[in-house]
Each structure stands twice: as C-alpha cells, then as structure tokens.
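**Q** Need a 3D model of the sequence below.
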Amino acid sequence: MFLVVAVLLVVLAVAVVKWLLVHWWVLVVTGGLVVSAGGVLLQRKRRSARWDAVRRHGLRYGLPHLDALHHSQFEDAVRDLMRRDGCPEAVRVGGGGDLGADVKAVDPYGRRWVIQCKHRGSGLAGSAVGTPDLQVLNGTARQVHGADIAVIVTNGRVTAPAVAFAAQQRLHVVDRHTLAVWAAGSRPLWELLRSVPPPRRPGALS
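**A** Residues are numbered from 1 along each chain as shown. Next comes the predicted model:
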C-alpha cells in the first residue's frame with residue numbers, strides 16, 4: 001500500500017513539473033504576486049510602527065490655548081494636527097485670496113482634505129459660524145481645490161441651519177466639542193467624522 005501511494009505521488013509530481021514547464025508563466029505570475037503581497041505587508045507594518053510613534057508623542061492642544069491664538073496661529077495649529085494624524089505634507093494656505101481653503105492635506109488613504117478655519121477669540125461667546133461660511137467652502141473646496149473631504153473647523157459655535165446645510169452638501173463640521181476631542185487626543189480626524197469617503201489607496205493604518 002505504501003509503495004502504491006509513493007508511486008502515485010511521484011507520478012503526480014512529474015505531471016505537475018511537466019505542466020509547469022509548459023505553463024512557466026504561472027510561476028512568474030505567482031512569484032510576482034507573492035513578492036508584491038510581501039512588500040505591501042512590510043510597508044503597512046512600517047507605517048503602522050510610525051503611526052504608533054505618532055500616537056505616543058502626539059501633539060495636543062487644550063481649548064484655552066486654541067482660544068488664545070491669533071487666527072493665523074489657529075490655522076497653523078490645525079495644520080500641525082493634520083501632520084500629527086499622518087499627513088506630513090499638510091500645508092497652511094490661508095490668507096488673502098485663499099478661496100475658502102486655509103489648510104490642505106492628503107491623508108494616508110490618499111484622500112485630499114480642504115479645511116476652512118474659523119477662529120473665535122471669545123470661543124463660544126464669539127459670533128457663530130453660519131450658512132454663508134459653509135456656502136463659501138461648498139463653492140470652492142471640490143471645484144477649485146479638488147477636495148475629497150471638505151471641512152470647516154471652529155473653536156466657536158455653529159448655527160443649526162449651517163449644520164443642516166453641511167449635511168445636505170456633504171461637508172463636515174468640526175465644532176468646539178469635536179475640536180476639543182481631536183486636539184486633546186490622539187485619534188485622527190477621519191475617525192471622528194461621519195461618512196467620510198472611502199480610501200483612494202490602501203492606507204498606512206489599515
């Protein structure tokens with residue numbers, strides 16, 4: 001019985017070798033897939049390690065500190081928080097003629113972010129962010145800046161009509177409460193927002 005099994009295994013092995021000699025491209029494709037998969041796993045492992053380091057040494061702000069900033073410094077803080085979250089090329093572009101974009105970033109998933117910042121020196125006591133502010137963002141974020149995710153960030157209040165308008169237009173609002181969680185924690189902003197678009201590419205954190 002053992003001899004029969006051994007013979008069958010030898011015959012099968014010979015048949016497989018002959019088939020592979022004819023269909024040699026199968027080995028090439030399989031080898032390429034294995035190497036590619038190994039490279040992707042290694043890249044994810046390295047990026048995950050970098051993200052763990054970011055979380056351990058992450059930048060944090062408290063609301064009193066953010067309230068005390070100049071509006072340009074507030075934009076810098078938002079940019080730095082995006083960099084903390086794994087967007088090393090995040091830039092502040094706010095200023096005259098910024099067309100509704102104060103900070104731009106590309107996250108580890110390949111999604112382009114356009115962020116408009118509305119700083120209120122008096123915090124909640126300052127003027128509320130209203131629908132007109134959202135309309136400016138809605139009119140330029142995607143059409144002009146190519147945003148996948150358009151966000152308005154404020155350390156103040158947001159009116160109910162503005163929140164409703166944002167939901168209708170697929171805009172994201174980071175109000176004072178969400179800002180406090182984001183700035184003082186270590187979770188990236190995309191984990192705090194609802195209904196963000198799917199990744200454009202495999203992410204560093206997946």
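**Q** Could you measure from the residue lying closest to Cys117 once chain neighbours are set aside over to Leu41?
**A** Spatially, and ignoring its direct neighbours in sequence, Cys117 is nearest to Asp102 (4.3 Å; CB to CB, 6 or more residues apart in numbering). All C-beta atoms are positioned from the backbone trio N, CA, C, and that covers glycine. Here the distance between Asp102 and Leu41 works out to 37 Å (CB to CB, to the nearest Å).
**Q** before we move on, what about Leu99?
**A** Applying CB to CB, the value for Leu99 to Leu41 is 41 Å.
**Q** So between these two, which is more surrounded?
**A** Taking other CB atoms under 10 Å, Leu99 and Leu41 do not tie; Leu99 has more neighbours (15 against 10).
**Q** Can you verify my assumption that the residue nearest to Cys117 contacts Ala90?
**A** No - contact criterion CB atoms under 8 Å: Asp102 and Ala90 do not qualify, at 11.1 Å.
**Q** Can you pick out the residue with more neighbours from these two?
**A** A count of neighbours by other CB under 10 Å puts Asp102 above the other of Asp102 and Ala90, at 25 against 21.
**Q** Any idea how many residues pack against Gln169?
**A** Close neighbours of Gln169, defined as other CB under 10 Å, add up to 15.
**Q** Surely it is in contact with Thr131?
**A** No - contact criterion CB under 8 Å: Gln169 and Thr131 do not qualify, at 10.2 Å.
**Q** residue boundaries of the strands in this protein?
**A** With DSSP state E as the criterion, the chain has strands at 91-92, 103-106, 112-118, 149-154, 172-174.
**Q** and for the shortest one, what are the contacting residues?
**A** Think strand 91-92. Identification of contacts with strand 91-92 by CB atoms under 8 Å, 6 or more residues apart in numbering yields Ser72, Glu75, Asp76, Val78, Arg79, Asp102, Val103, Lys104, Ala105.
**Q** Most neighbours of all those, which one?
**A** In these, the most neighbours by other CB under 10 Å go to Val78, 29 neighbours.
**Q** Just want to check the distance between it and Val17.
**A** Separation of Val78 from Val17 (CB to CB): 62 Å.
**Q** can you check Ala164 too?
**A** For Ala164, the distance to Val17 - CB to CB - is 68 Å.
**Q** And Gly139, by the same measure?
**A** 66 Å.
**Q** This completes my enquiry, with thanks.
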